[in-house]
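Colleague: give me the fold of what follows.
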Amino acid sequence: MSKNGMGRRDFMKSSLAGIGSLFFLPANGAELGLQTQREKSGERKIIHRTLGKTGIKLPPINMGVMNSDNPNLVRAAL
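Modeller: Have a look, this model is predicted:
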């Protein structure tokens, strides 16, 4: 036993028990009934933000296509 009261074997036992318990958790919160109101209603609203003084409205996450050579990639992003 080490100075702090937990030896290597105890540490390994508790670590493996913690990792093993992760396999019993659901893959996402939806299985636990933690859906948001938007998910329950089926509504998918995209948030847009105004870009500077131009007034162009864009989503905060988008795909810049300056050097995209693959039109299928651009089509899939839209």
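
Colleague: export the top helix by length along the chain as CSV, just CAs?
Modeller: For the chain, the helix with the greatest residue count under DSSP state H is helix 8-21. C-alpha atoms of helix 8-21 as CSV (Å, rounded to 0.1, in the frame of the first residue of the first chain):
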residue,chain,number,x,y,z
ARG,A,8,-1.7,-0.2,-7.6
ARG,A,9,-4.1,-3.1,-7.5
ASP,A,10,-6.8,-1.0,-5.9
PHE,A,11,-6.3,1.7,-8.5
MET,A,12,-6.6,-0.8,-11.3
LYS,A,13,-9.7,-2.4,-9.9
SER,A,14,-11.5,0.9,-9.5
SER,A,15,-10.4,2.2,-12.9
LEU,A,16,-11.5,-1.0,-14.7
ALA,A,17,-14.8,-1.0,-12.8
GLY,A,18,-15.4,2.6,-13.9
ILE,A,19,-14.5,2.0,-17.5
GLY,A,20,-16.6,-1.2,-17.5
SER,A,21,-19.6,0.7,-16.3
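
Colleague: average pLDDT across that helix?
Modeller: Taken as a whole, helix 8-21 carries a mean pLDDT of 85.

Colleague: quick one: list the elements packing against that helix.
Modeller: With contacts taken as 3 or more C-beta pairs under 8 Å, 6 or more residues apart in numbering; DSSP states H and E, helix 8-21 sits against no other helix or strand. Where you see a C-beta, it was placed from the backbone N, CA and C, and this is true even at glycine.

Colleague: give me the mean pLDDT for stretch 45-59.
Modeller: Rounded mean pLDDT across stretch 45-59 is 83.

Colleague: what residues sit buried inside that stretch?
Modeller: For stretch 45-59, burial by neighbour count (16 or more other C-beta atoms under 10 Å) applies to no residue.

Colleague: next up, the contacts around Arg9.
Modeller: By C-beta atoms under 8 Å, 6 or more residues apart in numbering, the contact list for Arg9 is empty.

Colleague: report the separation between it and Thr50.
Modeller: In this view, Arg9 and Thr50 are 60 Å apart by C-beta to C-beta, to the nearest Å.

Colleague: can you map out the helices along the protein?
Modeller: Using DSSP H, the helices found in the chain span residues 8-21, 37-41, 71-77.

Colleague: nice, that's everything, thank you.
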